[in-house]
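> Next one to model:
(one chain, ligands or ions: 1)
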Amino acid sequence: MESAEQTPYAMIGGAETIRLLVEAFYARVQRDPDLAPIFPADLRPVMERQRLFLTQLLGGPPIYSELHGPPMLRARHLPHAVTPRRRDAWLRCMAEALQEIRLDELTRGWLLRRLAGIAQQMVNAPDAG
Ligand code: HEM
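Presented below is the predicted three-dimensional model:
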């Protein structure tokens, strides 16, 4: 059967799940000593773009690209030093956020592997020292 209901977006619970995930994730980013310094103090605009990006990534409405154009995420991250250490911190925050919102283990693993692939592509600077 082919229908909108079959997208990963719909299967994980759609807009509400993504909203909860983004909130749980950036609450951690804000407390993380490696990540916090490269993010703006007001995280709301970033959270909104991430919400739209994840929605689109998982097969939901492509509003991110309608508003911001092609994601080109690596290019968008170049102004920020994304080190292997920050990649690991980002993925740790995401793993914890996925656990907090209680996605089932199978879905969590699937999504985390997908995001780990993207995170690896974002690395654009070596760790200091
Ligand atoms: C690997 C570690 C990562 C770090 C350290 C990182 C850091 C950042 C920073 C500093 C920003 C800019 C905030 C601002 O607007 O000032 C940003 C934006 C963003 N990041 Fe990441 N990021 C990482 C991985 C990822 C991954 C894996 C994804 C995708 C799932 C992602 C998606 C985004 C999106 C969608 C934006 C907003 C882009 C825009 O429209 O301007 N990031 N990130």
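> any idea how far P45 is from the ligand?
Summarising the geometry, the distance separating P45 from the ligand, computed by CB to the nearest ligand atom, to the nearest Å, is 7 Å. All C-beta spots, glycine's among them, are computed from the backbone N, C-alpha and C.
> now do H77
As it turns out, when the distance is counted by CB to the nearest ligand atom, H77 lies 6 Å from the ligand.
> Give me the nearest residue to that residue, chain neighbours excluded.
Once flanking residues are discounted, H77 sits nearest to M122: 4.7 Å by CB to CB, 6 or more residues apart in numbering.
> which parts of the one helix or strand A89 maps to are buried?
When secondary structure is defined using DSSP states H and E, the element that contains A89 is helix 84-100. Buried residues in helix 84-100, defined by neighbour count with 16 or more other CB atoms under 10 Å: 85-87, 89-90, 93-95, 97-98.
> quick one, what contacts Y9?
If a contact means CB atoms under 8 Å, 6 or more residues apart in numbering, then Y9 has 18, 55, 58-60 as its contacts.
> Pick out the most distant pair among those.
Pairwise distances among these were taken by CB to CB; the largest, 11.5 Å, belongs to I18 and G59.
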